[in-house]
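Chemist: Generate a structure from the sequence data that follows.
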Amino acid sequence: MSIYTHVTVGTNNLTQARNFYDSVLGKLDYKRVADLDDNGSIWGYDAPSFFVLKPANGEPATVGNGVTVSFEAPNRAAVHAFHDAAIALGAQDEGQPGPRDWAPNAYAAYARDLDGNKLAVYCFKQA
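Modeler: Got it, this is the predicted structure:
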């Protein structure tokens, strides 16, 4: 059983966010599974898991200080592909691909999306 049903981040530019996440999540074999008209979109692997939405209250989307959304990568090459795609699309680098010492075989990269949401991608498989 999963610990959550889905994660949502906000956006102020849905078209830009759709293009960004189609590219970077595609590197992890996730795909866009639904569009919610002009309100947002949903990505997932075998179930809807990651939502990008315009805030329901009509206020501008803002980022959470200390919040990170982390995606699972199928292998270390996908960690690099995700990070490379994010940076090429204008994301801010928050941590180059490489080993992380907090867990065995942890290999990760970090970036901020075009709205400033902090993203991570992790692979826990041996090289």
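
Chemist: just the strands in this protein please.
Modeler: 7-10, 31-35, 40-44, 48-53, 68-72, 92-99, 107-112, 118-123 (DSSP state E).

Chemist: can you pull the buried residues of the longest one?
Modeler: By neighbour count on 16 or more other CB atoms under 10 Å, the buried set for strand 92-99 is residue 97. Just so you know, the C-beta spots here come from the backbone N, C-alpha and C atoms, and that holds for glycine as well.

Chemist: Let me see the mean pLDDT of that strand.
Modeler: Mean pLDDT, computed over strand 92-99, is 98.

Chemist: closest one to residue 17 among the strands of the chain?
Modeler: strand 48-53 (4.9 Å; CB to CB).

Chemist: what are the C-alpha coordinates of that closest one, in CSV please?
Modeler: Output of strand 48-53 as CSV, limited to C-alpha atoms (Å, rounded to 0.1, in the frame of the first residue of the first chain):
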residue,chain,number,x,y,z
PRO,A,48,-2.9,9.3,-11.1
SER,A,49,-0.1,10.3,-8.7
PHE,A,50,1.2,13.8,-9.4
PHE,A,51,-1.1,16.8,-10.0
VAL,A,52,-0.1,20.3,-11.2
LEU,A,53,-3.0,22.7,-10.6
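
Chemist: Could you tell me the angle between that strand and strand 68-72?
Modeler: 140 degrees (axes from the mean of the first three to the mean of the last three CA atoms, to 10 degrees).

Chemist: Check which residues of strand 48-53 are buried.
Modeler: In strand 48-53, counting by 16+ other CB under 10 Å, buried: 49-53.
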